[in-house]
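Undergrad: Curious how this folds, go ahead:
(one chain, ligands or ions: 1)
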Amino acid sequence: MGSLEVICGPMFSGKTEELIRRLKRAVIAKRRVQIFKPRIDVRYDAEAVVSHSAQKLRSIVVDSADQILEKVLADTQVVGIDEVQFLGPDVVAVCENLANRGVRVIVAGLDLDFRGVPFDPMPSLLAVAEHITKEAAICVVCGEPATRSQRTIAAEDLVLVGAGGAYEPRCRKCFTVEPSPATEPPEQELLPFLR
Ligand SMILES: [Zn+2]
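TA: Just a heads-up that it's a prediction; the model follows:
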C-alpha cells in the first residue's frame, strides 16, 4: 500500500539527513527508489540531494511537480522529494497520485517561511500525509529547540536560496519577523563544551 510521509521543520533541523536516512534504508531493503528535487535549490551539487552534513544521494532535478509524474518509472516503489515546499500547490496532487498508486512517498520541506508563516503547500501535505515528523534545530540564541528560520539579512523575496549566512535557527521566543543580525556562529566555540 502506498503512503505519504512528511519530514518538516526549520532550516538546519536535519530534514534532509532524515530523508536520506529513510531512502538509504529503502535501498538496503532492495526497494526501487527515485529521488527528486526542485531546480530552485542550486546549493552545492545540482545532481545530488545534499544536506548540510554532506551526506549525498543522486537525485533528479525537476522544474515542476508534474515533471515528477513524468519521470517516475513504472516499477519505482519509493519516491523521495527534497525541498518540497518549492514545488508549489501541484505537488500535493502529485504525491497523492503516487501514494494512491502504491508508491511510498517521502518528502522533506520547510513548514514555515522566514516570516514564521506556514509555507504553502506544506499545510496541505501535512493534512493528507499518513506520517509526519517535525524536526527541530537548536536555537543559536538560547539553546532551546528551534522551530523557526530567522532571516539575518534584509530581503523582500520569500525564497532566498543558497545564501548560507542569511538564516539561523531560532526558537519561538528568540525569533523576530524583522531580519535580525546573525548570532555569532557557534562552531568554533563548541570544543570547550565537549567534556
Ligand atoms: Zn531561543
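Undergrad: going forward, measure contacts and count neighbours with C-alpha atoms only.
TA: Noted.
Undergrad: which parts of this structure sit against the ion?
TA: 139, 142, 171, 174 (C-alpha under 5 Å from the ion).
Undergrad: Which parts of the protein are helices?
TA: Residue ranges of the helices in the chain, as given by DSSP state H, are 15-28, 65-71, 90-100, 122-128.
Undergrad: quick one, which of those is nearest to residue 134?
TA: Relative to residue 134, the nearest member of the helices of the chain by C-alpha to C-alpha is helix 15-28, separated by 8.6 Å.
Undergrad: What is the closest one packed up against?
TA: Contact here means 3 or more C-alpha pairs under 8 Å, 6 or more residues apart in numbering; DSSP states H and E; on that basis helix 15-28 packs against strand 3-9, strand 33-38, strand 78-81, strand 104-110.
Undergrad: other SSEs contacting the first one?
TA: Contacts of strand 3-9 with other secondary structure elements, assessed using 3+ C-alpha pairs under 8 Å, 6+ apart, are made with helix 15-28, helix 90-100, strand 104-110, helix 122-128, strand 131-134.
Undergrad: By mean pLDDT, show me the worst of the helices and strands packed on helix 15-28.
TA: Note on the helices and strands packed on helix 15-28: strand 33-38 shows the lowest mean pLDDT, a mean of 94.
Undergrad: Partner strands of that one, with direction?
TA: Strand 33-38 has its sheet partners listed here by DSSP bridges as strand 60-62 (parallel), strand 78-81 (parallel).
Undergrad: Now render the helices and strands packed on helix 15-28 as a markdown table, adding mean neighbour count.
TA: Listed next are the helices and strands packed on helix 15-28 as a markdown table, based on neighbours: other C-alpha atoms under 10 Å:
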| stretch | mean neighbour count |
| --- | --- |
| strand 3-9 | 24 |
| strand 33-38 | 24 |
| strand 78-81 | 24 |
| strand 104-110 | 25 |
